[in-house]
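> quick one, what's the 3D model for this:
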Amino acid sequence: MRLFNQIMKILTVVALVSFAAIAFAQQPEIQYFRPYDQKGVNTFEPKKNVEIPAFEGIKVRIGGAFTQQYQSISHENKADVKLHTDGKTDLNKLYPLGNGFNLAQANLNFNVQLEDGISLTLENYMSSRHHQEFWVKGGFVQVDKLPMFGNPEWFTKYVRVKIGHFGVNYGDQQFRRTDGGNAMYNPFVGNYIMDQFATEIGGEVYIFPTNDLMVMAGVTNGLINGNVADVTKKPSFYAKLAFDKQVNEDFRVRLSGSAYMNEESGRNTLFGGDRTGSRFYFAMEPEYYLSSGVLTKTGTADKAFSGRINPGFSTNVATWQVAPFLKFKGLEVFATYEQAKGYASSDPKAEGASKPEKRKVDQIAVEGVYRFLKNEQVYIGGRYNTVSGRIDARTANDLTVNRYELVAGWYATKNLLLKGAYVNQEYKDYPSSSIYAEGLFNGLMVEAVLAF
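Sure thing, here's the model as predicted:
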C-alpha cells in the first residue's frame with residue numbers, strides 16, 4: 001500500500017509538472033541565456049558572439065526543474081564496534097538500507113529581461129534533501145550591454161559583468177552537476193565525490209577577446225551568506241581561462257583552467273556549499289549518531305551528503321583545476337584534475353604553531369558519454385572518480401575514495417529525461433575505528449527529470 005501511495009504521488013506530481021510545462025511552452029526569450037532543458041546540455045558560459053532576440057520590453061520567464069529517484073543500494077564496512085554509553089548502540093553500525101523512492105526535489109527559477117543586454121536571475125529550491133522547505137539559492141544581475149551609455153560596441157562584443165549572490169564560476173564540473181531538482185545537464189545520477197560548489201556574494205568580469213577564448217576574474221565575500229559581524233573574514237579571489245572552439249560540424253574542443261583562493265575566512269564552503277544533498281540516500285551513514293551529545297537516529301536532512309567527501313577546508317583555501325572537454329559527433333569526453341589545499345580552524349596545530357598545517361587533497365574524474373539516435377536523445381556512459389590525500393585531519397595518513405558509475409539515459413522529449421545507473425564506491429586506508437573502514441556501497445539508481 002505504501003508503494004502504491006508513493007507511485008500515485010509521483011504520477012500526480014508528473015501530471016502537474018507536465019501541465020505547467022505545456023502552459024509555459026511559449027516562454028519569452030531571454031538574452032544570453034542557458035536553457036534548462038536538453039538545449040542547455042554541454043553549455044558552459046553563454047558566448048557573446050551569438051544571435052540574441054531583440055529587446056521588446058521587460059519579459060519574465062518562469063521555469064522549473066523536478067526529479068524523482070528510485071534507489072536500490074546496499075553498503076558494508078569492517079569498522080570496530082563503537083559502543084555508546086548505553087552499552088548497546090554501536091555508533092559504527094551502518095543505516096539499514098532497503099529499496100524505495102527518495103524525496104522528490106524541485107527548483108523554481110525566474111529569469112527577467114530588464115533591459116537590452118541586462119537580465120536578472122532568481123533561483124530557488126522548493127524541495128531538497130538538506131533543506132526540505134522553500135529556500136532561495138540566490139539571485140544576480142548579468143550585464144552584456146550598456147544601454148544607459150548608448151550600447152558601446154566594445155562592451156557588447158567583448159565584456160560581461162555579473163553581480164549578486166551566485167554560484168562562483170570555479171571549474172567546469174559546475175556546468176554538468178546536478179543542482180537539486182535541476183539534473184538535466186548531468187548525464188549521471190551522482191555529482192563528484194568532492195563536490196565543488198558554493199554560492200557567494202560578489203562580482204565577476206568576463207572578457208571575450210576572440211570568439212573562442214574567455215578570461216574571467218571574480219571577487220566575492222568568501223562566505224555562503226552575508227556577515228557584518230566584527231570577525232575575521234577576507235574576500236575570495238578566483239579566475240578562469242577557457243578555450244572553446246567548434247572546429248567543424250562534428251568536432252568541438254574545450255580546455256579550461258581555474259584557480260580559487262581565500263586567505264582567511266570563518267566558514268568558506270567551496271567544498272560544502274551544496275544545500276540540496278546527495279542522491280545516494282544514507283549510503284555509508286550510521287544508523288545512530290551523537291548530536292550535541294544526544295543519541296540521534298539518522299534522518300534525511302541531518303545526514304544529507306552521503307557518499308561525498310568534504311575535506312572541511314573552511315579557511316585558507318587555495319585550489320586549482322584543469323578540465324578538458326572533447327566532443328566528436330555523438331562521443332564526448334570530459335575530465336577534471338584538481339588539487340586543493342586548506343584547513344579547518346578546528347584542525348590540530350603542531351606544538352608552537354599559530355595555525356594548523358595546510359592539508360592537501362587531489363581529485364581526478366574522467367567520464368565518457370556516447371549520445372545517439374535523432375537529436376542525441378539516447379546515451380550511454382561511464383565515469384571514474386577518485387579523491388585522495390589528507391581528507392580527514394584526525395587521520396595522519398592519506399585516505400582514498402574511488403567511485404565508478406555506469407549509466408544509460410533517454411530524453412523522451414527535450415524537457416523529460418530518464419536515467420538508469422549502477423554505482424560502486426570504495427573507501428581505502430581508513431583506520432578500523434572509522435565507520436568508513438573497508439567501506440563499500442553499490443547498487444542501482446533510476447532517476448526521472450523534468451525541466452523547462
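> residue 336 is in contact with residue 192, isn't it?
Yes: using C-beta atoms under 8 Å, residue 336 is in contact with residue 192, at 7.5 Å. C-beta coordinates here come from the backbone N, C-alpha and C atoms, glycine included.
> which residues do those two both contact?
Here residue 336 and residue 192 have 173, 363, 365 as joint contacts, going by C-beta atoms under 8 Å, 6 or more residues apart in numbering.
> and the gap between the second one and residue 287?
Pointing back at residue 363 there. To residue 287, residue 363 is 29 Å away according to C-beta to C-beta, to the nearest Å.
> more crowded one of those two?
residue 363 (26 against 15; other C-beta atoms under 10 Å).
> where's the more buried one, which helix or strand?
Assigned by DSSP states H and E, residue 363 belongs to strand 359-372.
> tell me the angle of the helix or strand just after that strand relative to strand 359-372?
Per DSSP H and E, the first helix or strand lying C-terminal to strand 359-372 is strand 378-389. On the basis of axes from the mean of the first three to the mean of the last three C-alpha atoms, to 10 degrees, strand 378-389 is oriented at 170 degrees to strand 359-372.
> so residue 246 sits against residue 252, correct?
Yes: between residue 246 and residue 252 there is a contact under C-beta under 8 Å: 4.9 Å.
> how far off centre is stretch 365-373?
In terms of C-alpha atoms, centre = their mean, to the nearest Å, the gap separating the centre of stretch 365-373 from the centre of its chain is 19 Å.
> and for stretch 215-232?
The answer for stretch 215-232 is 20 Å, by C-alpha atoms, centre = their mean.
> all helices for the stretch 151-300 of the chain, in order.
When secondary structure is read from DSSP state H, counting those that start in this stretch, the stretch 151-300 of the chain shows helices at 153-158.
> can you give me the strands for it?
159-167, 199-207, 213-220, 236-246, 251-262, 288-291, 294-297 (DSSP state E, counting those that start in this stretch).
> tabulate the CA atom coordinates of the fifth one in CSV.
Yep, that's strand 251-262 we're talking about. Written as CSV, here are the backbone C-alpha positions of strand 251-262 (Å, rounded to 0.1, in the frame of the first residue of the first chain):
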residue,chain,number,x,y,z
PHE,A,251,34.3,18.2,-33.6
ARG,A,252,34.4,20.5,-30.6
VAL,A,253,37.2,21.1,-28.1
ARG,A,254,37.3,23.0,-24.8
LEU,A,255,40.0,23.4,-22.3
SER,A,256,39.7,25.4,-19.1
GLY,A,257,41.9,26.2,-16.1
SER,A,258,40.5,27.7,-12.9
ALA,A,259,42.0,28.9,-9.6
TYR,A,260,40.4,30.0,-6.3
MET,A,261,41.9,31.4,-3.2
ASN,A,262,40.7,32.6,0.2
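> what's that strand packed up against?
Packing partners of strand 251-262 (3 or more C-beta pairs under 8 Å, 6 or more residues apart in numbering; DSSP states H and E): strand 236-246, strand 315-328.
> which strands border it, and is each parallel or antiparallel?
strand 236-246 (antiparallel), strand 315-328 (antiparallel) (DSSP bridges).
> same thing with the last one?
Strands adjacent to strand 294-297 in the sheet, as given by DSSP bridges, are strand 288-291 (antiparallel).
> mind listing residues that contact the strand it pairs with?
So strand 288-291 is contacted by 84, 89, 91, 93, 295, 296, 297, 298, 302, 303 (C-beta under 8 Å, 6+ apart).
> dump those residues to JSON lines, plus neighbour count, distance to residue 209 and pLDDT.
Output for the contacts of strand 288-291, formatted as JSON lines (neighbours: other C-beta atoms under 10 Å; distance: C-beta to C-beta, whole Å; pLDDT from 0 to 100):
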{"residue": "84", "neighbour count": "13", "distance to residue 209": "61", "pLDDT": "92"}
{"residue": "89", "neighbour count": "17", "distance to residue 209": "62", "pLDDT": "94"}
{"residue": "91", "neighbour count": "16", "distance to residue 209": "56", "pLDDT": "96"}
{"residue": "93", "neighbour count": "15", "distance to residue 209": "58", "pLDDT": "97"}
{"residue": "295", "neighbour count": "13", "distance to residue 209": "59", "pLDDT": "92"}
{"residue": "296", "neighbour count": "14", "distance to residue 209": "55", "pLDDT": "92"}
{"residue": "297", "neighbour count": "12", "distance to residue 209": "56", "pLDDT": "93"}
{"residue": "298", "neighbour count": "16", "distance to residue 209": "51", "pLDDT": "92"}
{"residue": "302", "neighbour count": "12", "distance to residue 209": "48", "pLDDT": "87"}
{"residue": "303", "neighbour count": "21", "distance to residue 209": "47", "pLDDT": "91"}
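> what is the nearest of those residues to residue 353?
Of all these, residue 91 has the smallest distance to residue 353: 31.2 Å, by C-beta to C-beta.
> state the distance from the closest residue to the closest one other than its chain neighbours to residue 431.
Excluding the flanking residues, the one nearest residue 91 by C-beta to C-beta, 6 or more residues apart in numbering is residue 82, at 4.4 Å. In this structure, residue 82 and residue 431 are 12 Å apart, going by C-beta to C-beta.
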